[in-house]
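**Q** Need the 3D shape of this:
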Amino acid sequence: MKFGRRRKLGGCFAFSRKGTHKVETNKRGDEFVNAEEHSEGREIFYSVDEGPYDVDESDKLKVNSIAGREERHNTEETLVYDSEDTESTLNSESDELMLKDNNRMKEPKPVIKDIKRDSPAFRKVDALPDIEQWGTNPVWIRMDTMTRLERKQWRTDGGSESRLEYNEPVRENVIHFETDLFKGKAVIRFRNCPNEPAAYFKGRRRKQQWTVQGQFKKRVPTYQVVTGYEFKRKVVNIPARWIVRSGLKVVRTLAPTMKENIFSDAPYFLNPMLQTVQALDVSYPGNEPDITKNEIEENNSLLGGKFSKHYVSRGNRKHYFASLTNGKKFDFDPSLVYTFDFYEDKFDPSSFKLVLPFMSFDICKYLDSQPISMIGKVWDEDSELNGSYLFNFSVFHKSQIASRKLKMKEPQV
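**A** Residues are numbered from 1 along each chain as shown. Below you'll find the model as predicted:
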């Protein structure tokens, strides 16, 4: 068994093994998943998410089972080893972990016992890094913990999944990733953060921008794919319900298809992808735009229907897909490359403040140490793909470190 690199973070180790992906076809015969093999192993860094979760005894990590490996796309075997809290067993008495200066494992075949998602070891791993590791960065971006834990999202470029790169140098900080539903890459730009891409933000009010480009693995109706924010726990310190509902009524006049429940145990605010994204490009493979450039132009003719007959501006496209009926007329086609360009001028990641005319709000006090999410997912209870992610990234602010440490020490209920 050949293992890839080994890394250490917060007293925990993660190992990975190389593997390949098969080219598959869906019912319509559309070919999906890349035709090339992964040439590099991926770093796996399992951890528990913001929780708490109710976990059955059977709902554990099957790290050493054949079924468990197949569920993780047959790409690699994984060891998670915590130096203090996690017990580890080896395949034979002669097996042992030999750690060299080059951070590689000499003797493979370690086996780990089943670990429940709410175990102290996993809560420890999921904690934010100490402030010394942040440097001058006010934000920390990583792949969502649960999608990593369940191997529903992973990097394909060998980079870290527990810390995602952003800002300059943009070309070097492209994030290549894959999920069960989508394969692509992303670029993230944040204003007022280290290595800010000044040329991009010059003359613009935008405070953040992130672009996702790639191909679907299956044909999906456009109305089922949403983007927005979702949380694992209740938000706190929110105003009275009547105030919130009054505000949401105003928002609904602009986004009539919005799905939200701010008062639930797992709040969410979601909108149809094609009604929300600021700029959309749909291209044949090889003709897609360079996402490291400063601007993505609207190019939606390959959506088909009315879009193929004449030019439709981004504003008219957003208005069109605010209708659920219109969204049901189109599909995301696996044979095409989609570029989703998101940007806004209200939420400032560098301060985690919502900046409005004449006032601003620190949103950290409402989040209960939870991250802001960058997501694209299927939301339709009647779909077999319901809950599947295109992408799911988490953004934390440095001011959350202390409160999150306290939260992670609280007993799970």
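**Q** Could you use CA atoms for every contact and neighbour count after this?
**A** Fine.
**Q** For the stretch 51-200 of the chain, which segments count as strands?
**A** Listed in chain order, the strands of the stretch 51-200 of the chain (DSSP state E, counting those that start in this stretch) span 79-82, 88-90, 110-112, 139-143, 153-155, 175-179, 182-190.
**Q** For the fourth one, which outside residues touch it?
**A** Yep, that's strand 139-143 we're talking about. 134, 153, 161-165, 349-350, 392-398 (C-alpha atoms under 8 Å, 6 or more residues apart in numbering).
**Q** Can you point out the buried residues in it?
**A** Residues of strand 139-143 classed as buried by neighbour count (16 or more other C-alpha atoms under 10 Å): 139-143.
**Q** Tell me which strands that strand pairs with, and in which orientation.
**A** strand 389-397 (antiparallel) (DSSP bridges).
**Q** If you count neighbours, what's buried in the partner strand?
**A** In strand 389-397, counting by 16+ other C-alpha under 10 Å, buried: 389-397.
**Q** element containing the nearest residue to S394 once chain neighbours are set aside?
**A** The spatially closest residue to S394, leaving aside those adjacent along the chain, is S373, at 4.7 Å (C-alpha to C-alpha, 6 or more residues apart in numbering). Here S373 sits within strand 372-378, counting by DSSP states H and E.
**Q** got the contact list for the nearest residue to L324 once chain neighbours are set aside?
**A** Nearest residue to L324 in three dimensions, chain neighbours excluded: Y223, at 6.4 Å (C-alpha to C-alpha, 6+ apart). Contacts for Y223 (C-alpha under 8 Å, 6+ apart) come out as 272-273, 321, 324, 327-328, 330.
**Q** mind putting the buried residues of strand 139-143 in a markdown table, distance to D341 included?
**A** As requested, the buried residues of strand 139-143 are exported to a markdown table (distance: C-alpha to C-alpha, whole Å):
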| residue | distance to D341 |
| --- | --- |
| V139 | 21 |
| W140 | 21 |
| I141 | 18 |
| R142 | 19 |
| M143 | 19 |
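**Q** pLDDT check: weakest of the contacts of Y223?
**A** Least confident of these in the model: L324, at 90.
**Q** about what we covered before: pLDDT and distance to W379 for the buried residues of strand 389-397 - can I get that in CSV?
**A** Below are the buried residues of strand 389-397 laid out as CSV (pLDDT from 0 to 100; distance: C-alpha to C-alpha, whole Å):
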residue, pLDDT, distance to W379
Y389, 97, 9
L390, 98, 11
F391, 98, 13
N392, 97, 14
F393, 97, 17
S394, 96, 19
V395, 97, 22
F396, 96, 24
H397, 95, 28
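**Q** Helix, strand, or coil at the closest residue in space to L128 that isn't next to it in sequence?
**A** In this structure, L128 finds its nearest non-sequential neighbour in I401, 6.3 Å apart by C-alpha to C-alpha, 6+ apart. Secondary structure assignment for I401 (DSSP: H, G, I helix; E, B strand; the rest coil): helix.
**Q** just checking, I401 touches I131?
**A** Yes: at 7.5 Å, I401 counts as touching I131 under the criterion of C-alpha atoms under 8 Å.
**Q** For these two, indicate the residue with more neighbours.
**A** Each of I401 and I131 has its neighbours counted (other C-alpha atoms under 10 Å); I401 has more, 17 against 14.
**Q** For the strand holding S373, which helices and strands make contact with it?
**A** Judged by 3 or more C-alpha pairs under 8 Å, 6 or more residues apart in numbering; DSSP states H and E, the packing partners of strand 372-378 are strand 225-230, strand 389-397.
**Q** neighbouring contacts of the longest one?
**A** Looking back up the chat, that one is strand 389-397. Counting by C-alpha under 8 Å, 6+ apart, 138-144, 147, 152-153, 178-183, 216, 349-352, 370-378 sit against strand 389-397.
**Q** what bridges to the closest residue to T156 other than its chain neighbours?
**A** Nearest in space to T156, with sequence neighbours left out and distances taken as C-alpha to C-alpha, 6+ apart, is F177 at 5.1 Å. Taking DSSP bridges, one obtains R155, G184 as the residues bridged to F177.
**Q** Can you give me the pLDDT of F177?
**A** 98.
**Q** Tell me how far it lies from A279.
**A** Distance, F177 to A279, using C-alpha to C-alpha, to the nearest Å: 21 Å.
**Q** can you check Y229 too?
**A** 19 Å.
**Q** I appreciate the help and will end here.
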